[in-house]
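Student: Quick one: sequence plus predicted model below, questions after.
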Amino acid sequence: MLLQSIVTLVLVAAAAAVPAIEPRAISTVVEVEAGFLKGKLSADQTIVSYLGIPYAAPPVGNLRFRPPQPAAAFKGTYDATKMGNSCMQGPAPQFYGGVNQNNSEDCLNLNIFAPAKAIVAGDYSTLPVIVYLYGGGFNDGYNNLPLYDGAALLKAMPAGEQAIVVVPNYRTNIFGFATSNELLAEGSVNAGILDQKAVFEWVRKNIANFGGDPNKVTAWGESAGAITIATHMVSGDVTKPLFDRAILQSGGLFAFGNIPPITQGGFDSLVAAVGCSGKTPVLDCLRKVPAQKLFDSAAAAGVSYLPAVDGKYVKQQPQVALSKGQIYKIPAILLDNTNEGTFFTTSVQTADDVTNLFKGFGFFNADAVAQLQKLYPVSSFASPFLAGAEFYGDLVFKCPERLLAKTLTAAGQSVFKGRFNVKPTVTLPAGGSFFSLLGVFHSAEMPFVWSFQQTINQSNGEKAFSQNMISSWNDFAFGKTPGSSVGISWPTFGTTSTRIVWQLTNNGAVETLDATFNARCDFLDAASLAFSTSINA
């Protein structure tokens, strides 16, 4: 059995006259399965950060592509006072302060941010835990992005009621989400998904030593992070959830077309590009290719990245699982943004472009495309761009979230559905001109839920609005109705498809999903299920 945290408070005076705590009075050393960790105390002594903690062995050499393996024991006390490496990827976008990458295959680490008083007081196994999974289109993302500063987030949580925040890395792109016949045969698809599974298992085993309750774990993610959380919810043994609650921003479940009949061509192009054609076994050859060359070559070859049905953990297409009601029976917050699709469809400028967008998704035949033209008539939108954006946002984000909401509600779970409707007024220079045209775009909510003050307007109410969002997410982690601590009445989705609107004016306004949106989603859900059934392994 693991020892409890050996964090101690040095008593320097009698209990009746204890002076202010000095930094030297607090030890930030804790014990986990692999040994002892030394964390970093914030200057104001309120938060302890444990950074770059290895939760699995470095996936290098023969472990490239493979499921994560246990981390080795630490030699001495592990220095957890500095950020670890990011996983292999391209240059980070600068929209949210993208620095500190230090890309490497040796990247399976996590950061933990905990209130110091809980640790010092020995108040173990009481605080809820929030595990955040980043987005990035299954192609990039990393836990030391300045946006994901857990210390800043803790300080924005209600005083005296702070959850513990965990932010892991997981493999993306060719290293974590490629699919081919060779990878499937070896059992080496979904490495990124299995990295996440290892994180949740690590948290269950070790988080009590940081003051967290292993039975109160909330999985929180955005975009690809939300999609992977939803993937876990229909994978493995759904009667034994890896986590107890879920917060999904801009992500549900759609057909995973990442199957060899579709993906093998791109993978074979990669094999040829790096000189591994004809080599047996081909994966052994790929494991010898330098990581940067492999990443660059995969990008040039057009290798596609999504979770896949692997027959072991992800045993069936998500839409098929949902049709059977096979899902974690846990409560959830589901949030999407008003203009989810604009981020992805800037090249759509004409009616023909909209039609080509419909055709670009392989499961829409000619009759389905004709129906989509009726459901998304260009003439009813201000521009073809907005018509295409509405379709894309519905297909990839909004309708999958609606389906999750309906499935969880049918399973007797509380679902809190929301629509984020604040167009940011401050962006970093790298994204300003691009974002200005996109309305309430995909990821627009991120600074507000993370207290990223660089892109929060300090004079128009955005700061208080951000505080309310963070408090509401924190309410949920503590098992309360989200928004209850800040006077927001958030009804459950229920049978009436009810949601609230997060906005600066009339925040928390209640609305129901309209008939036009429901008709579109009914059609898209049916098409996705039909495609999923046809390819379900």
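Tutor: Yes, it's here. If you're wondering where the values come from, they're calculated on a predicted model, not measured in any experiment. Residues are numbered from 1 along each chain as shown.

Student: Let me know the pLDDT of the nearest residue to residue 331 once chain neighbours are set aside.
Tutor: Among residues not flanking residue 331 along the chain, residue 414 sits closest, at 4.3 Å (Cβ to Cβ, 6 or more residues apart in numbering). C-betas here are computed from N, CA, C, even on glycine. pLDDT for residue 414: 98.

Student: just residue 121 next, same as before
Tutor: Predicted confidence (pLDDT) for residue 121: 58.

Student: I'd like to know how many residues surround the residue nearest to residue 331.
Tutor: 18 (other Cβ atoms under 10 Å).

Student: show me the contacts for it.
Tutor: 331-332, 492 (Cβ atoms under 8 Å, 6 or more residues apart in numbering).

Student: separation between it and residue 329?
Tutor: As judged by Cβ to Cβ, to the nearest Å, residue 414 and residue 329 stand 11 Å apart.

Student: now swap in residue 423 and tell me
Tutor: Distance of residue 423 to residue 329, given as Cβ to Cβ: 36 Å.

Student: These two: who's more crowded?
Tutor: Under the criterion of other Cβ under 10 Å, the comparison of residue 423 against residue 329 puts residue 423 first, with 16 against 13.

Student: how about stretch 170-181 as CSV, C-alpha atoms only?
Tutor: Output in CSV follows, covering the C-alpha atoms of stretch 170-181 (Å, rounded to 0.1, in the frame of the first residue of the first chain):
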residue,chain,number,x,y,z
TYR,A,170,-0.5,12.0,-24.8
ARG,A,171,0.9,11.0,-28.2
THR,A,172,-0.7,12.5,-31.3
ASN,A,173,-0.2,12.3,-35.1
ILE,A,174,1.9,9.4,-36.5
PHE,A,175,3.0,8.4,-33.1
GLY,A,176,-0.4,8.2,-31.5
PHE,A,177,-3.3,8.0,-34.0
ALA,A,178,-2.2,6.4,-37.3
THR,A,179,-4.0,3.3,-38.6
SER,A,180,-2.8,0.6,-41.0
ASN,A,181,-3.0,-3.1,-41.4
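
Student: Now find how far off-centre it is within its chain.
Tutor: Stretch 170-181 sits 16 Å away from the centroid of its parent chain (Cα atoms, centre = their mean, to the nearest Å).

Student: tell me which residues of it are tucked away?
Tutor: By 16 or more other Cβ atoms under 10 Å, the buried positions in stretch 170-181 come out as 170-180.

Student: Please give the centre-to-centre distance between the longest strand along the chain and its chain.
Tutor: Assignment by DSSP state E gives strand 212-222 as the longest strand of the chain. The chain centroid and the centroid of strand 212-222 are separated by 12 Å under Cα atoms, centre = their mean.

Student: with the contacts of residue 414 in mind, which one is nearest to residue 214?
Tutor: The shortest gap between residue 214 and any of the contacts of residue 414 belongs to residue 331, at 17.9 Å (Cβ to Cβ).

Student: The closest one reaches residue 245, doesn't it?
Tutor: Yes. Residue 331 lies in contact with residue 245 (Cβ atoms under 8 Å); the separation is 5.5 Å.

Student: Thought residue 470 was touching residue 483, still the case?
Tutor: No. With contact defined as Cβ under 8 Å, residue 483 does not reach residue 470; the gap is 11.2 Å.
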